[in-house]
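Q: Curious how this folds, go ahead:
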Amino acid sequence: MAFLSESSLRAPILPTLRSGQELPRARARAITAASADPINDLVIPPADGKVLRPGDPEFNSLLPFNLRTTVRPAVIAQCRTANGVSLALQWAQLHGFALCGHGGGHSYEGFSSCSGIMIDVRKMDAVVIDTANKTARIGAGSLLGDVAEKLFVKKFALPAGTCKPVGIAGLTLGGGHGVSSRKFGLTSDNLLSAQVVDATGAQLTASPTVNPDLFWALRGGGGGNFGIVTEFTFKVHPVNRVIAFRLVWPNNFPTSVLREWQKFALSAPDELGFVLVMSGSQGHITGIRCSGLYHPVAASQTPTVSKLRSLLSPLLSIGNPTFTTRQFTYIEAARYFAGSGDTSRVYFKGKSDYATGPLTPAGISTFISSVRNSAAPVAGIFEAYGGAINRIPAADTAFPHRGSTRFCLQYYAEWSSSSATNQRVAAVRALYAAMRPHLPGFSYVNYIDLDLTNYAAAYYKGNLPRLQAVKQQYDPGNFFHFAQSIPLPP
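A: Presented below is the predicted three-dimensional model:
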């Protein structure tokens with residue numbers, strides 16, 4: 001996430017210190033040591049990481065997943081330790097370089113890259129499990145697929161998304177929902193503490209008792225706003241057997257499926273996590289499917305297809321869908337939802353809405369007709385909320401989309417050639433625009449969207465003023481600044 005404007009790329013910037021802080025000694029000594037090429041001054045000991053320039057073998061592997069984004073760093077600090085992060089951050093402060101944090105690189109708008117220095121934490125990927133306390137310390141560079149595999153060795157899981165190469169840091173800091181979240185809460189709801197490098201290079205702990213305001217903000221306040229997180233400690237959950245399921249309807253039932261699905265999402269038990277996907281273009285609905293995961297009430301139990309069928313009866317009664325199930329261990333289900341795990345970079349555009357009540361008949365009609373008549377292939381992805389997500393009060397964490405929230409609706413298109421970019425982006429924007437009379441305009445920060453003008457209110461709702469106060473407290477100089485960062489208080 002790019003934190004400084006292009007005009008300040010080479011202008012030295014000194015941090016505004018919080019009361020009681022001192023400028024780190026390493027940086028104080030370096031103030032007069034700048035060379036003609038500032039990158040030559042970026043020295044990270046091998047134990048703490050290394051410096052990558054364009055042309056180095058590993059450089060291109062750390063570029064954004066979304067090919068639609070084009071900003072590329074001048075240098076990458078690939079850090080192995082919090083000390084490496086601190087050294088890189090102090091260097092960026094000294095030389096006035098734009099800075100961004102990088103984990104999985106899946107920011108929707110490419111904010112994990114910038115024109116200055118990328119601080120990559122991918123090598124910080126250790127997972128240490130405390131089976132007695134049901135907790136895990138997870139390095140900020142860990143990817144979701146690897147986390148799932150390592151946790152399941154001890155029969156534990158952390159609720160997260162299904163995309164294997166997504167980074168744990170960005171997911172957690174923006175909230176983190178997935179098909180286990182109605183059962184176990186958001187990824188951020190399971191956060192117990194975090195290790196953070198702040199704007200001065202200081203290494204902080206954030207927890208309910210140490211820097212509690214920062215801890216509150218890290219649970220849904222978005223990545224890159226307050227510092228670089230280097231490690232998380234999470235509560236993890238015992239898991240064993242689950243059932244993955246899928247319903248696929250004939251394409252002539254969109255209205256009844258969407259109408260009944262949103263009713264079902266309101267009343268479904270916590271043990272069901274599920275997503276409805278409806279796609280289309282050029283006069284046709286091309287797909288209607290609902291996929292999900294069924295947990296037993298307790299990990300020691302084995303879920304049954306007969307019970308699942310009974311729970312899904314409101315959906316199974318619509319239009320005779322094809323119904324398939326797979327009885328799995330939890331890790332087998334995670335692999336199943338991840339698919340091939342292809343890490344190839346693609347072009348994509350996403351936007352999002354939150355429904356705080358049911359879509360009206362007019363809203364359903366508008367959505368279906370807009371998908372059907374889209375000029376290019378587009379999809380609406382309805383991700384069910386409720387359960388454990390909604391039982392946490394909206395002000396208890398920075399993530400505000402709780403309580404009456406029914407679902408997150410993602411508008412999405414993906415393509416393989418740059419020549420299709422303008423058409424596909426226009427199709428996603430048109431679908432989003434059509435729904436404006438029918439949804440309140442709130443958005444998910446992990447589906448970050450440069451089109452939003454009042455982005456901070458859309459992402460954070462009533463939690464924005466407190467987030468701004470935390471920003472003032474921990475980054476008063478606004479060093480961690482990018483196109484959609486949390487603004488300082490007026």
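Q: Now V127: phi and psi?
A: phi -130, psi 110 (degrees, to the nearest 10).
Q: helix, strand or coil for the spatially closest residue to it that is not a sequence neighbour?
A: Of all residues beyond its chain neighbours, the one nearest V127 is K150 (4.2 Å), with distances taken as CB to CB, 6 or more residues apart in numbering. C-beta coordinates here come from the backbone N, C-alpha and C atoms, glycine included. In terms of secondary structure, K150 is helix; the call rests on DSSP: H, G, I helix; E, B strand; the rest coil.
Q: quick check, T205 in a helix?
A: No - going by three-state DSSP, the assignment for T205 is strand, not a helix.
Q: pLDDT weak spots in this structure?
A: The model of the chain has pLDDT under 70 over residues 1-35, 341-342.
Q: What segments of the stretch 351-490 of the chain are strands?
A: 378-384, 407-415 (DSSP state E, counting those that start in this stretch).
Q: Strands along the stretch 201-350 of the chain, start to end?
A: Using DSSP E, counting those that start in this stretch, strands in the stretch 201-350 of the chain cover 203-206, 228-235, 237-238, 241-248, 272-281, 284-294, 322-329, 347-355.
Q: re the thing from before, could I get the strands of the stretch 351-490 of the chain as CSV with distance to A427 and mean neighbour count?
A: Below are the strands of the stretch 351-490 of the chain laid out as CSV (distance: least, CB to CB, whole Å; neighbours: other CB atoms under 10 Å):
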stretch, distance to A427, mean neighbour count
strand 378-384, 5, 23
strand 407-415, 6, 23
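Q: Looking at those strands, which is nearest to L158?
A: Closest of the strands of the stretch 351-490 of the chain to L158 is strand 378-384, at 17.7 Å (criterion: CB to CB).
Q: May I have the distance across stretch 310-330, first residue to last?
A: End-to-end span of stretch 310-330 (CA to CA, to the nearest Å): 22 Å.
Q: Please read the previous query as pertaining to stretch 297-308.
A: Start-to-end, stretch 297-308 (CA to CA) is 12 Å.
Q: which of the residues in it are buried?
A: For stretch 297-308, a neighbour-count test (16 or more other CB atoms under 10 Å) marks A299, P303, L308 as buried.
Q: Same check on stretch 255-274?
A: Under 16+ other CB under 10 Å, the buried positions of stretch 255-274 are 257-258, 260-262, 264-265, 268, 270-274.
Q: quick one: the helices in the stretch 351-490 of the chain?
A: Taking DSSP state H, counting those that start in this stretch, the helices of the stretch 351-490 of the chain run over residues 361-372, 388-391, 421-434, 455-460, 464-474.
Q: Among those, show me which one is buried the most.
A: Per residue and on average, the most neighbours among the helices of the stretch 351-490 of the chain fall to helix 455-460, with a mean of 21 (mean count of other CB atoms under 10 Å).
Q: Summarise which helices and strands it is packed against.
A: helix 464-474 (3 or more CB pairs under 8 Å, 6 or more residues apart in numbering; DSSP states H and E).
Q: middle-most residue in this structure, spatially?
A: L171 (3.2 Å; CA atoms, centre = their mean).
Q: element containing that residue?
A: helix 168-173 (DSSP states H and E).
Q: can you pull the contacts of the residue lying closest to P400 once chain neighbours are set aside?
A: Setting aside the residues directly before and after it, P400 is nearest to K461 in space (CB to CB, 6+ apart), at 4.0 Å. Neighbouring residues of K461 by CB atoms under 8 Å, 6 or more residues apart in numbering: A394, P400, H401, F442.
Q: need the contact list for the third one.
A: Meaning H401. Per CB under 8 Å, 6+ apart, neighbours of H401: G175, Y354, Y385, A394, C408, F442, Y444, K461.
Q: go with 10 Å
A: 175, 177, 186, 220, 354-356, 385, 389-390, 394, 408, 442-445, 459-461, 463 (CB atoms under 10 Å, 6 or more residues apart in numbering).
Q: any chance of the helices of the stretch 351-490 of the chain in a markdown table, plus distance to N225?
A: Below are the helices of the stretch 351-490 of the chain laid out as a markdown table (distance: least, CB to CB, whole Å):
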| stretch | distance to N225 |
| --- | --- |
| helix 361-372 | 32 |
| helix 388-391 | 22 |
| helix 421-434 | 24 |
| helix 455-460 | 10 |
| helix 464-474 | 6 |
